[in-house]
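K.L.:
how would this look folded up:
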Amino acid sequence: MPSILTKAIRANPRLQAALSRARVALLSPLPSSDRRPDKVGPVTDWGDARPGIQVPPTQVFRDIQIVPTRRFAYRNKIADGGPVWPDFETNTVVRHLNHRQFVDSNAVPWQFSGPKLRGPMVWGGRCLFHFGHLAAEHMNRLPASLYQHPRAPVVFALPPHQLIRDVPGYFWKIAAWFGAAPQQVHFITRPFIAEELYVSPQVEEFSPIPSPDWYLDLLDELPRLNGIEPIPYDALYVHRLGFVGIGQGGHAGEQALVDALRRAGVAIMNPGKESLQRQMGLYAGARKLIFAEGSAMHGRQLMGRVDQKILVLRRRPQSTMACGPLGPRCRELEYAPIIRGFAMAFNAENAPVRPHGLAFYNKDKLFESLKKNGIDIAPHWDNEAYDRLKRRDAYAWYKATMARKSLNRDMTLDHIRKAFGEAGVPMPSDAATAATLR
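P.N.:
Here you go, the predicted model:
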């Protein structure tokens, strides 16, 4: 159980920020603050890639100041550090897009400009500690830049109050897959001047705009360059188990679907347990790739074209998540409307928190969508187990959701009560919740 002190710290964002700054100040002089993995698996060597891919030339900036991050500038996702860009407002190549809107701000020059680092460097972007956002929007400048400058150091901005030792393992694996070895990554911890900084555009983000052919041509090289052999399966399901219990988005009772699919002969993948190389082999070999809608879909964006169908089991009404990038990568892309009800929280500003909502299956539509794609789970479905798992997940999600810091409790409870009622799940009492979660 959290201590009284821990609870007090969690309840005070300013105190959290002050403690984080103090931690960085204390630890950053130590050699261990720069700890990074020695090996992360194969590193793509773009020098062995097919020549002549029609990649847009990188822009080059000479003697440009680059400064560390001080704070987040947009929704705790886009930090304010990095290069101090000239013509920032008009040069779209250096800007960062999210949902077709520029959401970044230019870095502010420091009085102390720091040393000049000689030779070419590549702008990698911002290292956000979230796999889905890294794969979907933050790392896709790398293939084009490293195709043209494969040995150049790659510059990344850390999130505020973080050390290199804090960088999650999946960042290093994505960077290596795109061609940057751990020792090739240069995190901005002090101001410096880059003699030459090369920049490629952000190619993909959260929008329905299809990915350009030249970018997919680059990604098509990656399996060969990394020795990836397709792992053949007629159908592969990528699940999202474990998220609802911590108040994240998911399908209530998904374990029952996983069990039925497995009995029907469908291969099951837990993206959190597989190496990146094995994930790519599984994605490359699946004739039908089925996702529970979620961040794991962005892992498929690390590869190019595969002759396969991608089927997404929606967890948010009308969602077409990642349709722009995924559409050109496959033969067919389908979003299955398999939701019967959807519960979500409302924050203190009365805005819905849809990404963390809980979806309830419409079993008839779920069975129909899968059968249309050659998978009949009806003979393998355990309805009694599903009802029990659905209630367990609903109550675990409810408990985690109602513990959120920023919450309009009345609006949230009204919405949950209606969604649970439509799904046939009684609203939990504390006793009922505790009993169900045992």
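K.L.:
which regions of this protein sit below the pLDDT cut-off?
P.N.:
For the chain, the stretches with pLDDT under 70 are 1-13, 17, 74-76, 430-438.
K.L.:
For the protein, which residue occupies the most central location?
P.N.:
Centroid check for the chain by Cα atoms, centre = their mean gives Gly132 as the closest residue, at 0.6 Å.
K.L.:
which residue sits closest to it, ignoring its sequence neighbours?
P.N.:
Ser295 (3.0 Å; Cβ to Cβ, 6 or more residues apart in numbering). For the C-beta atoms, the positions are set from N, CA and C on the backbone; glycine is no exception.
K.L.:
so the one you found touches Glu137, yeah?
P.N.:
No: at 11.8 Å, Ser295 does not count as touching Glu137 under the criterion of Cβ atoms under 8 Å.
K.L.:
ok, those two, which is more surrounded?
P.N.:
Glu137 (27 against 22; other Cβ atoms under 10 Å).
K.L.:
burial count for the spatially closest residue to the more buried one that is not a sequence neighbour?
P.N.:
Leaving aside its chain neighbours, Glu137 sits nearest to Glu205 (4.4 Å; criterion: Cβ to Cβ, 6+ apart). By the criterion of other Cβ under 10 Å, Glu205 has 20 neighbours.
K.L.:
which ones are touching Glu205?
P.N.:
Neighbouring residues of Glu205 by Cβ atoms under 8 Å, 6 or more residues apart in numbering: His96, Leu97, Asn98, His99, Arg100, Ala136, Glu137.
K.L.:
Dump those to a markdown table, plus secondary structure and distance to Tyr198.
P.N.:
Shown next, in a markdown table, are the contacts of Glu205 (DSSP: H, G, I helix; E, B strand; the rest coil; distance: Cβ to Cβ, whole Å):
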| residue | secondary structure | distance to Tyr198 |
| --- | --- | --- |
| His96 | coil | 17 |
| Leu97 | strand | 20 |
| Asn98 | strand | 23 |
| His99 | coil | 27 |
| Arg100 | coil | 25 |
| Ala136 | helix | 23 |
| Glu137 | helix | 20 |
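K.L.:
Quick check on those: which are buried?
P.N.:
Listed as buried from the contacts of Glu205 are His96, Leu97, Asn98, Ala136, Glu137; burial here means 16 or more other Cβ atoms under 10 Å.
K.L.:
ok, which pair from those is furthest apart?
P.N.:
Of all pairs drawn from the buried ones among the contacts of Glu205, the greatest distance, 12.2 Å, lies between His96 and Ala136 (Cβ to Cβ).
K.L.:
contacting residues for Val203?
P.N.:
Val203 makes contact with Asn140, Arg141, Ala144, Ser211, Pro212, Tyr215 under the criterion Cβ under 8 Å, 6+ apart.
K.L.:
my guess is the third one contacts Val55, does it?
P.N.:
Right, Ala144. Yes: at 4.8 Å, Ala144 counts as touching Val55 under the criterion of Cβ under 8 Å.
K.L.:
the more surrounded of those two?
P.N.:
A side-by-side neighbour count of Ala144 and Val55, using other Cβ under 10 Å, places Ala144 first with 25 against 17.
K.L.:
Following element in sequence after the helix or strand where that one lies, please.
P.N.:
Using DSSP states H and E, Ala144 sits in helix 142-148. For helix 142-148, the following helix or strand on the C-terminal side (DSSP H and E) is strand 154-157.
K.L.:
Quick check: neighbours of that following strand in the sheet, parallel or antiparallel?
P.N.:
Using DSSP bridges, the strands paired with strand 154-157 are strand 116-126 (parallel), strand 185-187 (parallel).
K.L.:
any idea whether Ala176 is helix, strand or coil?
P.N.:
helix (DSSP: H, G, I helix; E, B strand; the rest coil).
K.L.:
right, and it touches Asp45 too?
P.N.:
No: using Cβ under 8 Å, Ala176 is not in contact with Asp45, being 10.7 Å away.
K.L.:
These two: which is more packed in?
P.N.:
Ala176 (22 against 14).
K.L.:
list the contacts for that one?
P.N.:
Neighbour list for Ala176: Val40, Gly41, Pro42, Val43, Thr44, Pro182 [criterion: Cβ under 8 Å, 6+ apart].
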